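[1] Model the following, please.
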Amino acid sequence: MSESDRPFAERTPTSADLRADISLAAALLVGGVLSAWLTSVAGFYGDEQAPLMWGVVYAAVVTAPLALRRRFPSLVAVVVCLAYFVAVSLRIPEIYVGNIAMFIAIYTVGAWVDDRRRAALVRAVLIAGMFVWLLITTFQDATAPTDDGFSRVGAFSPYVAFMLIQFLINALYFGGAYYLGDRAYAAALERTALEERTAQLEREREVTARQAVALDRLRIARELHDVVAHHVSAMGVQAGAARAVLGSDPDATRRALSGIEASAREALDELRHLLGTLRTPDDAGAEIADNAASTVRLSGIAGLVEHATESGLPTTFVELGVPWSVPDVVQVNLYRIVQEALTNARRHGGPDARADVRLRYDTDAIEIEITNTGRTARPTGGGLGLVGMRERAGASGGTIDAGPRSRGGYLVRVRVPRVSDRSLA
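    Sure, this is the predicted structure:
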């Protein structure tokens, strides 16, 4: 089925369309009465002309149905064409407004009938009927024994030329009504399709906006979890140590309290940076990880290891391979993964747990591995830390393995392929 053959779904005229049709019918009625009066005065049909009263009646019959032309286009076209046929046959004094009304009626069938086969059939029957009628009247006039009118002498007489003009004008008249009706229907179909596409794009835009909000909320939650969990966990361990030696070792107590103070300052600094990022209008829509990249790097892992050791989790750090330029986003994500893994090890590994961090630069990837000894129980609290680590690894285009080790403890291994900065922007 072609686009022009596809029907609308319950296409109905609007109230504005109906008001416009009523106004059109009223204007043509006034014009029809005026045309009937002038035609009667001019004596267009000579002695065979019907009284003016019939011209007024005809003007009403041929124009009033146009008020319903978009509700009942086929019926209106049939009524208008029959009225025109009767009026011309009975020599009723009005032809001009009737021609306009018939053009509009045939045009409306093409522009408003949803069943395209029915629209084509109705117009074809009406137009064929009009041409048959024209042929009959032409034959009758050509064979009538009269010398009035154009000369009929010669193979191509003035009378023949006049008849050809009549046929040509009628062909253009009905062809124009047919063609313009189809074009109006096709334009309406395209307009409807465009409106549907616009509505679909608007729905997709709303969905995309909601998804963007959800992703931003996810990033915010992930950053808050990483910042708060790490530092609060460290402060909890240091506070426990301070309480244990509060009465027996004042120096150890002071060191533990200093560690708590330092952790609190670091947590506040990172939270201020995060909140500043969220409140900056110019950074709307930018990823939080991209903004955080200005403060954390792979070079900061050594500081995480040192902080973990000071917080009661002896940790070693080894860097292998030849370093190469790692995209900022990957550096941030790997840093946060190490931070979360050490936080989990400190919280769940037990008092005798130890941890090792290995950063390896391969030619085609960067790999970081965090292992710890101690208990092998999975983190509690819904496992949000593990979820965040997996999300960060996926956002960097890498893979992650996390789970208990057979000989005790826990393993987190992340591998990110080597790519350009642009591909992660």
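
[2] Show me where this protein dips below the pLDDT cut-off.
    Scanning the chain with the threshold set as pLDDT under 70 gives 1-11, 142-156, 216, 222, 225-231, 233-234, 273-295, 376-384, 420-425.

[3] Just the helices from it, written as ranges.
    Under the criterion DSSP state H, the chain carries helices at the ranges 15-42, 52-63, 73-89, 96-112, 116-143, 158-244, 250-279, 288-292, 301-310, 328-348, 384-395.

[4] Point out the most buried one among those.
    A comparison of the helices of the chain by mean neighbour count, using mean count of other C-beta atoms under 10 Å, puts helix 328-348 on top with a mean of 24. Where you see a C-beta, it was placed from the backbone N, CA and C, and this is true even at glycine.

[5] got the helices of the chain as CSV, with distance to L411 columns?
    Shown next, in CSV, are the helices of the chain (distance: least, C-beta to C-beta, whole Å):
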stretch, distance to L411
helix 15-42, 71
helix 52-63, 89
helix 73-89, 77
helix 96-112, 72
helix 116-143, 69
helix 158-244, 19
helix 250-279, 26
helix 288-292, 24
helix 301-310, 16
helix 328-348, 9
helix 384-395, 12
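
[6] D362: which of those helices is closest?
    Between D362 and the helices of the chain, the shortest separation by C-beta to C-beta is 13.8 Å, and it involves helix 328-348.

[7] Roughly how far does T137 sit from W54?
    20 Å (C-beta to C-beta, to the nearest Å).

[8] Same question for L28.
    From L28 to W54 the distance is 18 Å (C-beta to C-beta).

[9] Also A264?
    103 Å.

[10] Same question for S325.
    For S325, the distance to W54 - C-beta to C-beta - is 96 Å.

[11] Check D114 too.
    In terms of C-beta to C-beta, D114 sits 37 Å off from W54.

[12] Please apply the same query to A395.
    From A395 to W54 the distance is 85 Å (C-beta to C-beta).

[13] Kindly report the same for Q211.
    In terms of C-beta to C-beta, Q211 sits 71 Å off from W54.

[14] can you check F167 too?
    28 Å.

[15] again, but for G32
    12 Å.

[16] go on, L18?
    Taken as C-beta to C-beta, the span from L18 to W54 is 30 Å.

[17] and what of Y96?
    For Y96 relative to W54 (C-beta to C-beta), the value is 16 Å.

[18] Kindly report the same for G240.
    111 Å.

[19] And for F103?
    Where W54 is concerned, F103 sits at a distance of 22 Å (C-beta to C-beta).

[20] One more: R336?
    From R336 over to W54 (counting by C-beta to C-beta), the distance is 93 Å.

[21] Over to R91?
    Taking C-beta to C-beta, one finds R91 at 9 Å from W54.

[22] dump the residue contacts of N333.
    Contact partners of N333, counting by C-beta atoms under 8 Å, 6 or more residues apart in numbering, are A289, R392, A393, A395, S396.

[23] OK, contacts around the third one?
    The one in question is A393. Neighbours of A393 in contact, by C-beta under 8 Å, 6+ apart: N333, I337, T399, I400, V414, V416.

[24] now do A365
    Applying C-beta under 8 Å, 6+ apart, the residues near A365 are G398, R415, V416, P417, R418.

[25] Repeat that for V357.
    V357 neighbours (C-beta under 8 Å, 6+ apart): I301, L304, V305, T315, T316, F317, V318, V338, L342, I368, E369, I370.

[26] what residue is smack in the middle of this structure?
    Centroid-nearest residue in the chain, with C-alpha atoms, centre = their mean: L201, separated by 1.1 Å.

[27] Got the domain ranges for this protein?
    Split into domains by automatic domain parsing, the chain comes to 15-203, 296-425.

[28] For those domains, give me a markdown table that also has distance to L224.
    Output for these, formatted as a markdown table (distance: least, C-beta to C-beta, whole Å):
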| stretch | distance to L224 |
| --- | --- |
| domain 15-203 | 32 |
| domain 296-425 | 10 |
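
[29] so which of these comes closest to R219?
    So among these, domain 296-425 is nearest, using C-beta to C-beta, at 8.8 Å.

[30] Tell me how far that closest one lies from the chain's centre.
    40 Å (C-alpha atoms, centre = their mean, to the nearest Å).
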